[in-house]
Structure formats: C-alpha cells, structure tokens
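Chemist: fold the stuff below for me.
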Amino acid sequence: MDPRNPSTLKAEKIQLKKDYAFCMCLHYTLGKETADKLWAEDISRGVLIDIADLYEENSHLDSIALEASERIVPSTYSDHENKKAVVFRCLQFYQSRELDRFVKSMK
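Modeler: The predicted model follows:
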C-alpha cells in the first residue's frame, strides 16, 4: 500500500490523465503521419499510459482529445498561411475547465 496521502494520489492521477489528453490532442491535430514520427522519437504517451494505469480509461480521454482537436482550425490571418496553432490550442484545452471537469468525473 502506498503510504502517501490518498488525496495527493488522486491529484497526481488527475494530472497524469490531463497530460495524456494533451498528448492525444497533439496526436489528432498533427495528423497520423506527423504523430507517428513524433511517437517514434517520444515515448511520453506510452509512459503516461503505464504510470497512470490508463489501459481501460485511455479511450475516454482519446475521445475528448479528438473533440478538442476537431475544434482547432487554421488561422484566418493571411500571413499564417492557413496553418494551425496546434501546441497553443492543445495547451488551452489542457488548461480548460472542460478537461478538468471531464477528468474529475472519471473513476
């Protein structure tokens, strides 16, 4: 049994779920080819699944991350060349009340 405070453990689990959701927002927004290259070099997604024991919960987090990703649209400023602010928008999602509520409602 972990001797740490249960509320601390719960807060850590919530944070790890949010971290995973951020990774998945990047994954979905960048597209399969770019995301595959990223995950070939960066093991963060797998590490988060392992340390947060997200094997059964990751599909729920994937769903909300996909929804957030679908709301990220290309910039309308002409000098931005129709590109997306991927990291910025995924960070906004990561820091959102929407994600906080969703993660806290999970077991």
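
Chemist: which parts of the chain are helices?
Modeler: For the chain, applying DSSP state H gives helices covering 6-30, 32-41, 44-51, 58-70, 86-94, 97-105.

Chemist: quick one: the first one to helix 32-41, angle?
Modeler: This means helix 6-30. Interaxial angle, helix 6-30 versus helix 32-41 (axes from the mean of the first three to the mean of the last three Cα atoms, to 10 degrees): 130 degrees.

Chemist: low-scoring pLDDT stretches of this protein, where are they?
Modeler: 1-4 (pLDDT under 70).

Chemist: one more time with 80, if that's ok
Modeler: For the chain, the stretches flagged by pLDDT under 80 are 1-7, 107.

Chemist: list just the one of the helices of the chain that sits closest to S78.
Modeler: Nearest to S78, of all the helices of the chain, is helix 86-94, at 18.6 Å by Cβ to Cβ. C-beta coordinates here come from the backbone N, C-alpha and C atoms, glycine included.

Chemist: counting contacts, what elements does the closest one pack onto?
Modeler: Contacts defined by 3 or more Cβ pairs under 8 Å, 6 or more residues apart in numbering; DSSP states H and E place helix 86-94 against helix 6-30, helix 58-70.

Chemist: go again with 7 Å.
Modeler: For helix 86-94, the elements it packs on are helix 6-30, judged by 3 or more Cβ pairs under 7 Å, 6 or more residues apart in numbering; DSSP states H and E.
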